[in-house]
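**Q** here are the coordinates; sequence isn't available:
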């Protein structure tokens, strides 16, 4: 595959996958998701890669979720070449790849970008990184991994706060909540991620594979909820309520959801 939205590199036993849409705050469209799925499968099959780093271009944003401008213009985020919207496949491959996945968060991890980092095995954040959800503000939601699995990470009360108020949290709060593993100065982010990745890549790959399966087993049942949530969202995204959320976001005003209560 000729990548347009991501970069892929392998060095010293570490595969680095970089979301490469910095002019759009590294938000994703169908093509981006397709390329990310391909890159993770490539890293899965690559015998030279023992660990994977997921990061993004620039210093402002890791990922702010779906491309709201594309959704507003086309009624969807766009599909992959096979005609499917493959966000569930991306979430699944991050969980299923039998190698540790480290998210190196270099800025905003908001909305769908927040879900992606939560699903990674380890998260390292730059000091200026921001975390949070935006779904209910823009007429969207993730009632699957983004909520149920998040509650396992930070606890029910904090997960509900994250979703019900759409606030943004700084990196220090995120590490205190257990949402990230480590916070480092921005200029040290990739060095720290690579250092940890090389440590993991030096360990027994079979042991790491079984350990990842073991960690995943306890939450695997959430996948059924994920599929129901995805179908619910697909039915909702072009409703008048959802359109009001996206339009308000693009017009940089507060949405008016009062008439939908």
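**A** Yes, it's here. Owing to the predicted nature of the structure, the values given are computational and were not obtained by experimental measurement. Residues are numbered from 1 along each chain as shown.

**Q** I'd say residue 197 and residue 54 touch.
**A** No. Using C-beta atoms under 8 Å as the test, residue 197 is too far from residue 54 to be in contact (10.6 Å). In short, each C-beta sits where N, CA and C put it, glycine included.

**Q** quick one: common contacting residues for those two?
**A** residue 102 (C-beta atoms under 8 Å, 6 or more residues apart in numbering).

**Q** Would you state the strands of the stretch 51-200 of the chain in chain order?
**A** With DSSP state E, counting those that start in this stretch as the criterion, the stretch 51-200 of the chain has strands at 51-56, 61-63, 101-105, 108-110, 122-126, 130-132, 168-170, 182-184.

**Q** could those strands go into JSON lines alongside mean pLDDT and mean neighbour count?
**A** Shown next, in JSON lines, are the strands of the stretch 51-200 of the chain (pLDDT from 0 to 100; neighbours: other C-beta atoms under 10 Å):
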{"stretch": "strand 51-56", "mean pLDDT": "98", "mean neighbour count": "26"}
{"stretch": "strand 61-63", "mean pLDDT": "98", "mean neighbour count": "28"}
{"stretch": "strand 101-105", "mean pLDDT": "98", "mean neighbour count": "27"}
{"stretch": "strand 108-110", "mean pLDDT": "98", "mean neighbour count": "27"}
{"stretch": "strand 122-126", "mean pLDDT": "98", "mean neighbour count": "26"}
{"stretch": "strand 130-132", "mean pLDDT": "98", "mean neighbour count": "23"}
{"stretch": "strand 168-170", "mean pLDDT": "98", "mean neighbour count": "17"}
{"stretch": "strand 182-184", "mean pLDDT": "98", "mean neighbour count": "18"}
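
**Q** between these, which gets nearest to residue 162?
**A** Nearest to residue 162, of all those, is strand 130-132, at 6.4 Å by C-beta to C-beta.

**Q** Against which helices or strands is the closest one packed?
**A** Judged by 3 or more C-beta pairs under 8 Å, 6 or more residues apart in numbering; DSSP states H and E, the packing partners of strand 130-132 are strand 108-110, helix 112-119, strand 168-170, helix 171-177.

**Q** Format the ones you listed as a markdown table; extra columns: distance to residue 213.
**A** Formatted as a markdown table, the helices and strands packed on strand 130-132 follow (distance: least, C-beta to C-beta, whole Å):
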| stretch | distance to residue 213 |
| --- | --- |
| strand 108-110 | 26 |
| helix 112-119 | 15 |
| strand 168-170 | 31 |
| helix 171-177 | 26 |
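
**Q** what's the closest of the ones you listed to residue 70?
**A** With distances scored as C-beta to C-beta, the stretch of these nearest to residue 70 is helix 112-119 (12.9 Å).

**Q** what angle sits between the closest one and strand 101-105?
**A** 140 degrees (axes from the mean of the first three to the mean of the last three C-alpha atoms, to 10 degrees).

**Q** one step back: please name whichever of the helices and strands packed on strand 130-132 is nearest to residue 76.
**A** Nearest of the helices and strands packed on strand 130-132 (C-beta to C-beta): helix 112-119, 13.9 Å.

**Q** Give me the helices and strands touching the closest one, please.
**A** strand 61-63, helix 87-96, strand 101-105, strand 130-132, helix 150-154.

**Q** sorry, back to before: what would the strands of the stretch 51-200 of the chain look like in JSON lines with distance to residue 233?
**A** Below are those laid out as JSON lines (distance: least, C-beta to C-beta, whole Å):
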{"stretch": "strand 51-56", "distance to residue 233": "23"}
{"stretch": "strand 61-63", "distance to residue 233": "18"}
{"stretch": "strand 101-105", "distance to residue 233": "23"}
{"stretch": "strand 108-110", "distance to residue 233": "17"}
{"stretch": "strand 122-126", "distance to residue 233": "24"}
{"stretch": "strand 130-132", "distance to residue 233": "19"}
{"stretch": "strand 168-170", "distance to residue 233": "22"}
{"stretch": "strand 182-184", "distance to residue 233": "32"}
